[in-house]
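1. Please work out how this folds:
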Amino acid sequence: MPQCAWIRYIDATELQLIIVPTITRSALILFLLAAAASSSAQESPFFVTYNHHMEEPGNLDIEVSSTSDVARSGQQTYFAPYMELEYGVTAQWTTEFYLEGQSTWGDSTVFTGWRLENRFKPLKREHWINPVLYLEYENLNEASRIQKEVEGEAPDVSSPNALLTPELDHELESKLILSSDYHDWNIAENFIVAKNFSQSEGVEFGYSFGASRPLATLASGADCRFCRENFMVGAEMYGGLGSTLDFGVHNTAHYIAPVLAWAISDDSTLRFSPGFGLTHESNPVLFRFGYTYEVQNFGSKVARLFGRKQ
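-> I've put the predicted structure just below:
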């Protein structure tokens with residue numbers, strides 16, 4: 001049984017604080033090391049929706065995030081941490097690697113798999129609508145809970161981990177990302193198509209939409225971290241659209257989620273988002289937290305380490 005910090009138990013009909021299980025010691029140490037490395041672009045506040053802003057070439061983003069839930073009656077609360085390594089290969093190509101796990105209250109803590117993601121921006125210049133092509137390979141098991149995207153039917157959150165971890169998923173997921181900057185706003189739409197080659201689920205579909213903006217666009221001139229220009233706010237909506245076997249919103253999960261990002265230093269950002277379920281198949285609430293540290297000129301530093309010049 002995973003260790004946990006009991007805050008307050010929830011009732012199925014009212015929203016209260018939840019159980020927050022602690023993660024394994026190694027994951028906790030990783031998070032503390034990342035947080036201690038106080039460290040430049042404003043990080044997008046979204047957890048699910050992607051926009052057209054790519055990682056700067058040669059820069060590496062190290063992100064530690066988590067998803068936890070308010071469970072319905074008869075279900076158990078979980079805590080799902082994951083780590084992302086995002087690297088800007090070129091101005092038009094960003095690649096990302098994920099490791100993820102999950103801890104369920106009263107059950108167990110398990111490793112749920114890895115993902116490899118690539119995003120390609122075909123147009124060099126900014127346009128009214130900026131398309132991005134997304135392709136991701138997922139090597140996961142059915143105990144995955146990070147819900148980085150929502151597609152197809154709602155996931156199984158009631159079965160024990162011992163039954164879910166042997167069920168492996170080898171999935172290829174693609175997205176069409178459309179994104180626009182309008183005055184101070186960024187508006188993004190994602191359309192998801194995914195195929196799980198390990199299960200007979202047909203081709204699954206999903207969506208996400210988001211809008212965000214900084215609280216201020218002009219620097220105040222003060223040396224402070226609580227100034228308005230260091231905060232971004234917005235909202236995103238995401239959900240599943242069934243599959244080729246049963247297209248539509250039947251038995252699908254949908255969420256609407258306010259988002260907040262705070263640039264706590266030139267190279268590090270904190271993000272938070274509570275997602276509120278809109279259907280019976282959704283969790284009542286999903287809590288998402290993220291910390292990102294950007295290592296600038298990482299590619300050049302590695303090249304110099306091996307005696308190469310750039």
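2. which stretches of the chain form helices?
-> Using DSSP state H, the helices found in the chain span residues 25-36, 161-164, 298-305.
3. weakest of those helices in terms of mean pLDDT?
-> Here the helices of the chain differ in mean pLDDT, and the lowest is helix 25-36 at a mean of 39.
4. can you list the weak-confidence ranges in this protein?
-> The model of the chain has pLDDT under 70 over residues 1-42, 74, 220-221, 308-310.
5. Output the longest strand belonging to it.
-> strand 168-182 (DSSP state E).
6. And that strand, what does it pack against?
-> Using 3 or more CB pairs under 8 Å, 6 or more residues apart in numbering; DSSP states H and E as the contact criterion, the elements in contact with strand 168-182 are strand 130-141, strand 185-196. All C-beta spots, glycine's among them, are computed from the backbone N, C-alpha and C.
7. who wins for proximity to residue 94 among those strands?
-> Smallest distance to residue 94 across those (CB to CB): 9.0 Å, for strand 130-141.
8. packing partners for that closest one?
-> Counting by 3+ CB pairs under 8 Å, 6+ apart, the elements that strand 130-141 packs against turn out to be strand 109-120, strand 168-182.
9. about what we covered before: which of the helices and strands packed on strand 168-182 sits most buried?
-> Among these, judged by mean count of other CB atoms under 10 Å, the one packed with the most neighbours on average is strand 185-196 (a mean of 20).
10. Contacts made by it with the rest, please.
-> Residues lying outside strand 185-196 but in contact with it, judged by CB atoms under 8 Å, 6 or more residues apart in numbering, are 44, 46, 48-53, 134, 149, 151-152, 169-180, 203-213, 234, 238.
11. Who does that strand pair with, and is each partner parallel or antiparallel?
-> strand 168-182 (antiparallel), strand 203-214 (antiparallel) (DSSP bridges).
12. and the ones you listed, which is most packed in?
-> strand 203-214 (a mean of 21).
13. Return the distance of it from the chain's centre.
-> 12 Å (CA atoms, centre = their mean, to the nearest Å).
14. likewise stretch 162-169?
-> Taking mean C-alpha positions (CA atoms, centre = their mean), stretch 162-169 and its chain are 22 Å apart.
15. Also stretch 141-160?
-> On the basis of CA atoms, centre = their mean, stretch 141-160 is displaced by 14 Å from the centre of the chain it belongs to.
16. Using CSV, write out every CA atom in that stretch.
-> What follows is stretch 141-160, C-alpha atoms only, in CSV (Å, rounded to 0.1, in the frame of the first residue of the first chain):
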residue,chain,number,x,y,z
ASN,A,141,-0.3,-0.4,-19.8
GLU,A,142,-4.0,0.0,-18.9
ALA,A,143,-3.1,1.4,-15.5
SER,A,144,-2.0,4.7,-17.1
ARG,A,145,-3.7,7.6,-15.4
ILE,A,146,-1.9,10.8,-16.5
GLN,A,147,-4.6,11.6,-19.1
LYS,A,148,-2.3,13.7,-21.2
GLU,A,149,-5.1,13.5,-23.7
VAL,A,150,-8.6,12.1,-23.6
GLU,A,151,-9.7,10.0,-26.6
GLY,A,152,-12.2,7.2,-27.4
GLU,A,153,-14.2,6.0,-24.4
ALA,A,154,-13.6,6.8,-20.8
PRO,A,155,-10.6,4.8,-19.2
ASP,A,156,-11.1,2.1,-16.7
VAL,A,157,-10.4,3.7,-13.3
SER,A,158,-12.1,1.1,-11.1
SER,A,159,-10.2,-2.1,-11.7
PRO,A,160,-7.2,-2.9,-9.5
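17. and it, which residues are buried?
-> Of the residues in stretch 141-160, 141-155, 157 count as buried by neighbour count, 16 or more other CB atoms under 10 Å.
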